[in-house]
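In: Fold the stuff below for me.
(one chain, ligands or ions: 1)
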Amino acid sequence: MDGNGRWAARRGLPRIAGHRAGAESVRRVVEAAPGLGIGVLTLYAFSSDNWKRPPEEVAALMELFRRHLLSELDRLRANGVRVEIIGRRDRLPAGLAAAVEAAEAATADGRVLRLRIAVDYSARESIARAARHLAEPTTESLAALLGPPVDLLIRTGGEQRLSDFLLWECAYAELIFSERMWPDFGEQDLRAALREFTGRERRFGALPSAAACGSEPPPVRASLRA
Ligand code: FPP
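Out: So this is what the prediction gives:
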């Protein structure tokens with residue numbers, strides 16, 4: 001979800017205004033996703049490296065996450081969205097940690113869309129934590145502790161990096177880089193990315209003919225990198 005800051009700066013607004021506009025994009029994309037065949041959507045809202053930002057911006061973001069989670073709760077429930085926060089929780093402000101728990105509990109029955117929001121998230125830290133839980137880590141046992149494999153990763157704002165996001169899960173993700181600033185990103189951009197994704201040949205290391213013989217495509221597991 002890159003580009004909030006630049007979107008705001010271009011309008012002579014403070015960065016937090018860009019984050020607020022970014023929250024509107026989150027709502028639009030979450031509402032559009034199920035209709036476009038997306039079953040799992042992971043949003044990178046705040047990386048563990050984002051703590052290096054100015055304290056005022058960090059505090060404003062934490063408050064925005066808290067308010068957004070609570071104000072969207074009824075709508076998320078009504079739309080069958082199950083919210084899941086990934087990342088460390090022990091460093092979150094108490095108010096946000098409580099909102100996270102409330103949102104997860106209230107939406108636990110959601111079956112239409114699994115919405116994963118990465119907050120204080122680091123892929124390397126997640127992999128290390130999973131490995132610490134296992135006497136003998138294997139590809140399979142680590143995969144069971146980490147998230148579902150990502151089919152499509154979209155990064156906005158013209159950046160072309162992974163920035164410690166879902167490094168394990170993105171082993172065979174298709175990558176799409178959009179010049180669009182996140183607050184301007186909407187359903188049409190998501191549709192365009194999915195069209196491009198559908199046109200790509202995914203071989204998973206096999207030969208084209210072997211990879212092509214499948215049945216109906218499963219729901220897409222998409223990720224948007226902040
Ligand atoms: C990256 O853009 C964006 C973030 C670090 C924050 C993302 C937060 C939101 C979209 C707010 C709402 C989110 C939820 C889940 C309710 P940037 O600030 O680095 O922008 P820049 O690249 O233009 O500087």
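In: Helix or strand for the residue nearest the centre of the chain, just tell me which one.
Out: Nearest to the geometric centre of the chain sits residue 43, at 1.7 Å (CA atoms, centre = their mean). Secondary structure from DSSP states H and E places residue 43 in strand 38-47.
In: Could you list every helix and strand in contact with the helix or strand that that strand is followed by?
Out: Elements were assigned by DSSP H and E; along the chain past strand 38-47, the next helix or strand is helix 55-78. In terms of contact count using 3 or more CB pairs under 8 Å, 6 or more residues apart in numbering; DSSP states H and E, helix 55-78 is assigned the packing partners helix 15-32, strand 38-47, helix 94-106, strand 113-121. For the C-beta atoms, the positions are set from N, CA and C on the backbone; glycine is no exception.
In: Swap in 6 Å and give it another go.
Out: helix 15-32, helix 94-106 (3 or more CB pairs under 6 Å, 6 or more residues apart in numbering; DSSP states H and E).
In: Tell me which of these sits nearest to the ligand.
Out: With CB to the nearest ligand atom, the closest approach to the ligand among the helices and strands packed on helix 55-78 belongs to helix 15-32: 2.9 Å.
In: Please list the outside residues in contact with the closest one.
Out: Applying CB atoms under 6 Å, 6 or more residues apart in numbering, the external contacts of helix 15-32 come out as 1, 4-5, 7-8, 57, 60-61, 64, 68, 182-183, 185-187, 190.
In: returning to what we had before: so what strands line up beside the strand holding residue 43?
Out: strand 113-121 (parallel), strand 220-225 (parallel) (DSSP bridges).
In: Would you mind telling me which of the ones you listed is nearest the ligand?
Out: strand 113-121 (5.0 Å).
In: quick check, the strand holding residue 43 touching the ligand?
Out: Yes. Residues of strand 38-47 are located near the ligand by CB under 6 Å from any ligand atom, namely 43, 45-46.
In: Okay, buried residues for stretch 97-114 please.
Out: Neighbour counts using 16 or more other CB atoms under 10 Å place 97, 99-100, 103, 106-107, 110, 113-114 of stretch 97-114 among the buried residues.
In: Identify the farthest-apart pair in these.
Out: When CB to CB is used, the two most widely separated members of the buried residues of stretch 97-114 are 97 and 113, lying 23.2 Å apart.
In: just for this structure, where's the confidence low?
Out: For the chain, the stretches with pLDDT under 70 are 209-218, 224-226.
In: Please repeat the previous calculation with a cut-off of 50.
Out: 213-215, 226 (pLDDT under 50).
In: need the contact list for the residue nearest to residue 200 when sequence neighbours are not counted.
Out: In space, and not counting its chain neighbours, residue 200 is closest to residue 174: 5.4 Å by CB to CB, 6 or more residues apart in numbering. With CB under 6 Å, 6+ apart as the criterion, the residues that contact residue 174 are 152, 197, 200.
In: so how far is the first residue of stretch 45-61 from its last?
Out: One end of stretch 45-61 sits 9 Å from the other (CA to CA, to the nearest Å).
In: buried sites along it?
Out: The neighbour-count criterion (16+ other CB under 10 Å) identifies 45-48, 50, 60-61 as the buried residues of stretch 45-61.
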